[in-house]
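Q: Got a sequence here, can you build the structure:
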Amino acid sequence: MTQPAGVTGPVGFVGLGVMGSAMSSHLIEAGHQVIGYDLAAAARDAHAARGGIVAGSPAEVAASAGLAVTSLPSAVALAQVLGGPDGLAAGAAAPGRPGRLGRLIVLETSTLTLADKTAGRQALAESGGTMLDCPLSGTGAQAQRKDLVAYLSGDAAAKARARPVLAAMTRQVYDAGAFGNGMRLKIVANLLVTVHNLAAAEALVLAERAGLDLGLVLTAIGDGAGTSRMFEVRGPAMAARDYAQPGIRARVYDKDIAIIAGFAAELRSPTPLFSLAAAYYQAALAQGHGDDDTSSVHAVLRQLAPGSGPGTRGATA
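A: Below is the predicted model of the structure:
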């Protein structure tokens, strides 16, 4: 297989979950050789079925790839993927790693705190690697459609090497400048997502109680000034009261909400709408929607509406 221009060797991918599997699929379709790893055997098998190469560990990924993408659920996962004898850092420093691959670049796409990203960057630098902070804006469904926006930050030369890979799996790339600015942008974006998602749910509950046809509401409101990306992306699931296809699971997004709250508190920046909205995401978890998509805040509001009932087809509650 001939690699796309500007790419040296296979592209590594660690974390083949909802987001990672979609993004790695786009890389394969674009002609990249993708050597992937995930803790889950089923995810590794699915990667192989899509035409990917399966590695036995993150170290094996780093030993064979000039650039590795990480898509991980937590800071603990990132530390494990980077460190230890089977981590990316060990693979990047392996004596048998081909010299033509150059210094390992890790394109870190997870949503984590700035402190966690900085710690990962320092750990990789000790083995001679370079980490880029590049969180992504978009849901799992958007990832499948290659409708993600990347907020790229870090070393300029490493960013240049990473752009062909990002172009294959995202709709748009924004250069945020210095390392960490990508996460700062993502936190601001997620604050808006948190509020807009709840606003979409609130509007659709009101429309339902007003006796409006929700198909008409989605089309008419979606074509007017009142729309938002969350209304368009999650509105159909809310209207169908089916929250079982996770763009991001509510229990995973709980971590993102904590990151936003901590960042705003550190900067002493007021977030009244976000703080109010966060309570409804906590309610969704309390009502058993942890494994459902965050569109499940709609079920929380429906339960608050007299006579509406939970209406959670496909949900866990």
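
Q: so how far is F274 from A258?
A: Taking CB to CB, to the nearest Å as the measure, A258 falls 12 Å from F274. All C-beta spots, glycine's among them, are computed from the backbone N, C-alpha and C.

Q: do the same with V18
A: Where F274 is concerned, V18 sits at a distance of 24 Å (CB to CB).

Q: ok so, going back, same drill for A258 and F274, tell me which one is more crowded.
A: More crowded of A258 and F274, by other CB atoms under 10 Å: F274, with 19 against 12.

Q: Show me where the stretch 1-150 of the chain has its strands.
A: Using DSSP state E, counting those that start in this stretch, the strands found in the stretch 1-150 of the chain span residues 11-14, 34-37, 53-54, 67-70, 105-108, 130-133, 136-137, 149-153.

Q: Y253 is nearest to which of the ones you listed?
A: Closest to Y253 of those is strand 136-137 (CB to CB; 13.4 Å).

Q: The closest one: partners in the sheet, and parallel or antiparallel?
A: Partners of strand 136-137 in the sheet, by DSSP bridges, are strand 149-153 (antiparallel).

Q: Could I get the buried residue list for the partner strand?
A: Buried residues in strand 149-153, counting neighbours by 16 or more other CB atoms under 10 Å, are found at V149, A150, Y151, L152, S153.

Q: Tell me the buried residues in the helix or strand that comes right after it?
A: Counting by DSSP states H and E, the next helix or strand C-terminal to strand 149-153 is helix 156-169. By neighbour count on 16+ other CB under 10 Å, the buried set for helix 156-169 is A158, K159, R161, A162, P164, V165, L166, A167, A168, M169.

Q: Between those residues, which sits nearest G99?
A: Closest to G99 out of the buried residues of helix 156-169 is R161 (15.6 Å), distances taken as CB to CB.

Q: hang on, isn't the closest one packed against L67?
A: Yes. Here R161 lies in contact with L67, judged by CB atoms under 8 Å, at a distance of 6.3 Å.

Q: If the residue nearest to A125 when sequence neighbours are not counted is in a bridge, with which residues?
A: Computed as CB to CB, 6 or more residues apart in numbering, the closest residue to A125 that is not its neighbour in sequence is M131, at 7.6 Å. Beta bridges link M131 to V106, judged by DSSP bridges.

Q: What pLDDT does the model give M131?
A: M131 carries a pLDDT score of 98 in this model.

Q: just the one 5 residues further on next, same as before
A: At L136 the predicted local confidence, pLDDT, stands at 97.

Q: and it, how many residues sit next to it?
A: Count around L136 with other CB under 10 Å applied: 25.

Q: I'd like the strands of the stretch 1-150 of the chain written out as TSV, with distance to D293 added.
A: Formatted as TSV, those follow (distance: least, CB to CB, whole Å):
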stretch	distance to D293
strand 11-14	23
strand 34-37	25
strand 53-54	28
strand 67-70	23
strand 105-108	24
strand 130-133	26
strand 136-137	16
strand 149-153	19
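
Q: Could you say which of these is packed most deeply?
A: strand 11-14 (a mean of 31; mean count of other CB atoms under 10 Å).
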